[in-house]
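Peer 1: pasted the sequence and its predicted model underneath.
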Amino acid sequence: MADYPVTESDIRIAKEPLTRMAQAIFAACGMSAENARLLASSLVHADLRGVHSHGVLRIPDYVHKLVRGGVDPAAIPFVVSSRRGSILVDGNNNMGQIGASFAMDLAMESASQNGIALAALRGSNHCGALDWYTLRAARNGMIGIVGSNALPTMAPIGGRDKIVGMNPVSIAIPALKEEPVVMDLAFGATAHGKIRVYHQKGLPIPGGWALDENGNPTTDAAIALDGLIQPAGGHKGMALAMMVGMLSTLLSGASYGTALGDMVNGPVAGRDGQFFIAIDIAAFRNPDDFGADVDEIVRQVHNSTPIAPGRDILVPGEMERQHEEEYGLRGIILPRRSVKDIVATARELGLDTSGFVELP
């Protein structure tokens, strides 16, 4: 959910200049122009939708992966095996968005022939916000379901060792006249990147998000970054996180849990895994009838009685869509620290940042 507080030091930047700068940075790391644009667009997509934990905040980390962290910027993903709707893809240790986009496209192509398809991806890395992929399916008349593993940031219920990732999942369902209904969430009470945003802004995090390293509740963002993220919904969130993590890795042979690395030393390159499911609605029923039913569900939610008069009741993904519209018109609000980090990273790579943004 896009719920970051805005501070006076934040900066607005338009979508295209931000995308161009990010693309130039990734191209300077050895990525092709096409892949650099894809990677940049995926990050800006997250920022446009208010999900800054998966946006351009990550550029310095991504550059480290590409330059010194063992990720191959020129690698080309490939199909290991394919049998009807079952596809095994190796990302070949390029950035996760490259292999993941390749896998999602293959799943959609296979689903158009078989009705439903699953592509399991190994040899991957962090692949960004998952709705980047599920919305691609929804906008092509399909249901998209995507899951990923994540570095362990949670302890199992009753424990204090970081051995479980928040392991996000996204589902996007197309409508007829309404926008797709889309869910993109991890099974922690918050995202690690979201705590970083609060830390950059110098703000305390809400209660219930995190524990310190000894298992005590904390609202100090710095302490939370070294501590434990709480599972959403207690044991239910923990169980869902484990299941999504296993689905994301065991089918493809990618790494699970602590084999991925840790938040102190970072991830081990090329060990991430994801799964991508595409369901062709036309294989089951008339897509317009299906979409009309989704429209009716959306209208039922919109027309339901709010607890607080005058407050809109939204379906999943609608708040992010509102951010996308507002940020698309007026520019994306970013923490000053994130913008300074992007500029510093670009200059380290020898890029000219004049005309990008003026920082006092």
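Peer 2: It's in. Numbering: from 1, shown residues only.
Peer 1: please make it C-alpha for all contacts and neighbour counts, starting now.
Peer 2: Fine.
Peer 1: ok, residue 205 - how many residues close by?
Peer 2: By other CA atoms under 10 Å, the residues close to residue 205 number 21.
Peer 1: quick thing: my sequence starts at 8, can you match it?
Peer 2: OK, 8 is where the count begins now, so the last one is residue 212.
Peer 1: surely it meets residue 227?
Peer 2: Yes: between residue 212 and residue 227 a contact is recorded at 6.3 Å, counting by CA atoms under 8 Å.
Peer 1: could you chop the protein up by domain?
Peer 2: Domain assignment for the chain by automatic domain parsing gives 15-81+337-367, 83-194+240-310, 196-237.
Peer 1: buried deepest among the ones you listed, which one?
Peer 2: Scoring the domains of the chain by mean neighbour count under mean count of other CA atoms under 10 Å gives domain 83-194+240-310 as the most buried, with a mean of 21.
Peer 1: from one end of that domain to the other, what's the distance?
Peer 2: Across domain 83-194+240-310, the terminal residues are separated by 48 Å (CA to CA, to the nearest Å).
Peer 1: stretch 119-131: how far from the chain's middle?
Peer 2: 19 Å (CA atoms, centre = their mean, to the nearest Å).
Peer 1: which stretch among the domains of the chain comes nearest residue 322?
Peer 2: domain 83-194+240-310 (6.6 Å; CA to CA).
Peer 1: which residues in the stretch 258-367 of the chain form helices?
Peer 2: For the stretch 258-367 of the chain, the helices defined by DSSP state H, counting those that start in this stretch occupy 294-309, 325-337, 343-355.
Peer 1: how about the stretch 58-207 of the chain?
Peer 2: Under DSSP H, counting those that start in this stretch, the stretch 58-207 of the chain gives helices at 66-74, 103-121, 138-145, 199-208.
Peer 1: report the mean per-residue pLDDT for stretch 26-36.
Peer 2: Model confidence over stretch 26-36, given as mean pLDDT, is 98.
Peer 1: scratch that, stretch 47-58
Peer 2: pLDDT averaged over stretch 47-58 gives 97.
Peer 1: who's in contact with it?
Peer 2: The contact list for stretch 47-58 (CA atoms under 8 Å, 6 or more residues apart in numbering) reads 8-11, 22, 25-27, 29-30, 33, 59, 61-63, 104, 135-136, 139, 327-331, 334-335, 339.
Peer 1: please convert the domains of the chain to JSON lines, extending it with distance to residue 321.
Peer 2: Formatted as JSON lines, the domains of the chain follow (distance: least, CA to CA, whole Å):
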{"stretch": "domain 15-81+337-367", "distance to residue 321": "15"}
{"stretch": "domain 83-194+240-310", "distance to residue 321": "6"}
{"stretch": "domain 196-237", "distance to residue 321": "20"}
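Peer 1: least confident of those domains, on average?
Peer 2: Among those, domain 196-237 scores lowest, at a mean of 91.
Peer 1: out of the helices of the stretch 258-367 of the chain, which gets nearest to residue 272?
Peer 2: For residue 272, the closest of these is helix 343-355, at 20.2 Å, according to CA to CA.
Peer 1: what helices and strands are in contact with that closest one?
Peer 2: Helices and strands touching helix 343-355, as assessed by 3 or more CA pairs under 8 Å, 6 or more residues apart in numbering; DSSP states H and E, comprise helix 22-35, helix 66-74, helix 199-208.
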